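A.B. asks: Pasting the sequence and the predicted coordinates here, then a few questions.
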Amino acid sequence: CETKTKDNVFIHIKVSVQYRVISDRVFEAYYRLTDPKVQIRTCVYDVIRSAVPRLTLDETFSSTSHVAESVLNRLQPTMRLFGYEIVDSLVTNISPDAVVKASMNEVNASKRTKEAMPHKAEAHKISTIKTAEAAAEGSYLSGVGTARQRNAISKGMKETMSNWIHEENISSKEVFDVLLITQYLDMLGAVGSSQLMLRHSPGEVFDIRDNLETQSAIPDLLS
């Protein structure tokens, strides 16, 4: 049966009716009605078309038992006059138009998405905070490692210079030149693995030394 709901949506409703002939009223069942199915169908359509327009689409889906009960209450006294007992009636299907179905699904999907957004945002917030905390902890540990590395290097250089000066009878300037050349060669090895272009010549390291000595002498001249 096709009908319209209170919110102006056309739907198709299927109702299943179970009936049987009353044993002591066989005469009425056989002679008073030519086709009982037509009479039952007519009554069902009449009930649906009077009951459903009072309900919205959502209320219709949630009130199928009420609609089936209305059909049963209407059919039982009517069909008993014709020798038939209505055993039960069931609403088996409610089918709105395909466009309406798609709209209902879209509304439900939008509702679920809206409910999920706060949880998604909270998860993103936690992830961002944890990532920042991990980065901060990583930077701190990297700084600690660098500081320890430089401390170990400085101690090693200090011990090396002390040994050379006292045991090998080498001047502090010569020790400084050796260490400077060593560091310079290490720097060239590190730079060589990249595409950075630097000016280089065999005497470059001593030019660097002279510049360092000049820069170190400036504060003394100003004081």
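C.D. replies: Good, I have the coordinates. Numbering: from 1, shown residues only.
A.B. asks: going forward, measure contacts and count neighbours with C-alpha atoms only.
C.D. replies: OK.
A.B. asks: Quick check: residue 65 touching residue 92?
C.D. replies: No: here residue 65 does not reach residue 92: they are 10.3 Å apart, not a contact under C-alpha atoms under 8 Å.
A.B. asks: ok, the two, which is more surrounded?
C.D. replies: residue 65 (14 against 11; other C-alpha atoms under 10 Å).
A.B. asks: Could I get the pLDDT score of that one?
C.D. replies: Listed pLDDT for residue 65 reads 87.
A.B. asks: Ramachandran coordinates for it?
C.D. replies: Phi and psi for residue 65, reported as degrees, to the nearest 10, are phi -70, psi -30.
A.B. asks: what's it in contact with, if anything?
C.D. replies: Contact analysis of residue 65 by C-alpha atoms under 8 Å, 6 or more residues apart in numbering lists 90-91.
A.B. asks: and what of the one 3 residues further on?
C.D. replies: The neighbours of residue 68, taking C-alpha under 8 Å, 6+ apart as the test, are 15, 89-91.
A.B. asks: Among those, which lie within strands?
C.D. replies: By the criterion of DSSP state E, membership of these in strands covers 15, 89-91.
A.B. asks: Go through these and give me the one with the most neighbours.
C.D. replies: residue 89 (21 neighbours).
A.B. asks: beta partners for that one?
C.D. replies: Under the criterion DSSP bridges, residue 89 forms beta bridges with residue 17.
A.B. asks: What strand or helix carries the residue nearest to the spatial centre of the chain?
C.D. replies: Residue closest to the mean C-alpha point of the chain, counted by C-alpha atoms, centre = their mean, is residue 120 at 5.4 Å. Here residue 120, judged by DSSP states H and E, is contained in helix 98-167.
A.B. asks: Could you do residue 85 as well?
C.D. replies: Going by DSSP H and E, residue 85 is part of strand 84-96.
A.B. asks: Pipe the contacts of residue 68 into TSV and attach pLDDT and distance to residue 143 per row.
C.D. replies: Output for the contacts of residue 68, formatted as TSV (pLDDT from 0 to 100; distance: C-alpha to C-alpha, whole Å):
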residue	pLDDT	distance to residue 143
15	87	77
89	88	80
90	88	76
91	87	74
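A.B. asks: Kindly reformat these as JSON lines and extend each row with distance to residue 142.
C.D. replies: Below are the contacts of residue 68 laid out as JSON lines (distance: C-alpha to C-alpha, whole Å):
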{"residue": "15", "distance to residue 142": "75"}
{"residue": "89", "distance to residue 142": "77"}
{"residue": "90", "distance to residue 142": "73"}
{"residue": "91", "distance to residue 142": "71"}
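A.B. asks: Show me what the helix holding residue 120 is packed against.
C.D. replies: In terms of contacts (3 or more C-alpha pairs under 8 Å, 6 or more residues apart in numbering; DSSP states H and E), helix 98-167 is packed against helix 172-192.
A.B. asks: that older thread, out of the ones in strands among the contacts of residue 68, which comes closest to residue 70?
C.D. replies: When the ones in strands among the contacts of residue 68 are ranked by distance to residue 70 (C-alpha to C-alpha), residue 89 comes first, at 9.2 Å.
A.B. asks: pretty sure the closest one is touching residue 17, no?
C.D. replies: Yes: counting by C-alpha under 8 Å, residue 89 does reach residue 17; the two are 4.4 Å apart.
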